[in-house]
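Q: sequence? don't have it. structure:
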């Protein structure tokens, strides 16, 4: 069982930056994929970014490509999401997710992730 804890959300003005962190309770093995999803009120939970623990390959939603960066800390089971040039449409609850069996075609599919954090709120407003 893996428990995920997000932190780093908050209120930021348009154009600003935030860094989210996700700490896993257990050491993630090299086969793990960790991802970030977000859900705005009244909308479906959507994929934001993911990283393969083995090799560090990264994947992004088109809407955040070039603005957000996902990374990992090798010495700890922690994943970060650096969010720059934030816009009001980025406002959502951001969730960290993890899974040990994902294949490449499933990385963007929220239903394929077994472990989820409780979420952290990101609000972009002036």
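A: Structure's in. What do you need? These numbers were taken from a predicted model, which means no experiment stands behind them. Residues are numbered from 1 along each chain as shown.

Q: from here on, contacts and neighbour counts on C-alpha atoms
A: Noted.

Q: you'd agree residue 69 is up against residue 61?
A: No - the pair residue 69 and residue 61 fails to qualify as a contact (C-alpha atoms under 8 Å) at a distance of 11.0 Å.

Q: intersection of neighbour lists for those two?
A: residue 49 (C-alpha atoms under 8 Å, 6 or more residues apart in numbering).

Q: who does the residue nearest the centre of the chain bridge with?
A: Centrality entry for the chain: nearest residue to the mean C-alpha point is residue 36, 1.9 Å, by C-alpha atoms, centre = their mean. Judged by DSSP bridges, the bridge partners of residue 36 are residue 49, residue 96.

Q: hey, where'd the strands end up in this structure?
A: For the chain, strands defined by DSSP state E occupy the ranges 4-7, 10-12, 18-24, 33-39, 46-52, 58-60, 68-73, 78-83, 92-99, 115-116, 120-124.

Q: how about those in a markdown table, adding distance to residue 105 and mean pLDDT?
A: Compiled in a markdown table, the strands of the chain are given as follows (distance: least, C-alpha to C-alpha, whole Å; pLDDT from 0 to 100):
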| stretch | distance to residue 105 | mean pLDDT |
| --- | --- | --- |
| strand 4-7 | 23 | 94 |
| strand 10-12 | 32 | 98 |
| strand 18-24 | 23 | 95 |
| strand 33-39 | 12 | 96 |
| strand 46-52 | 12 | 96 |
| strand 58-60 | 11 | 97 |
| strand 68-73 | 19 | 94 |
| strand 78-83 | 21 | 96 |
| strand 92-99 | 14 | 96 |
| strand 115-116 | 18 | 95 |
| strand 120-124 | 27 | 98 |
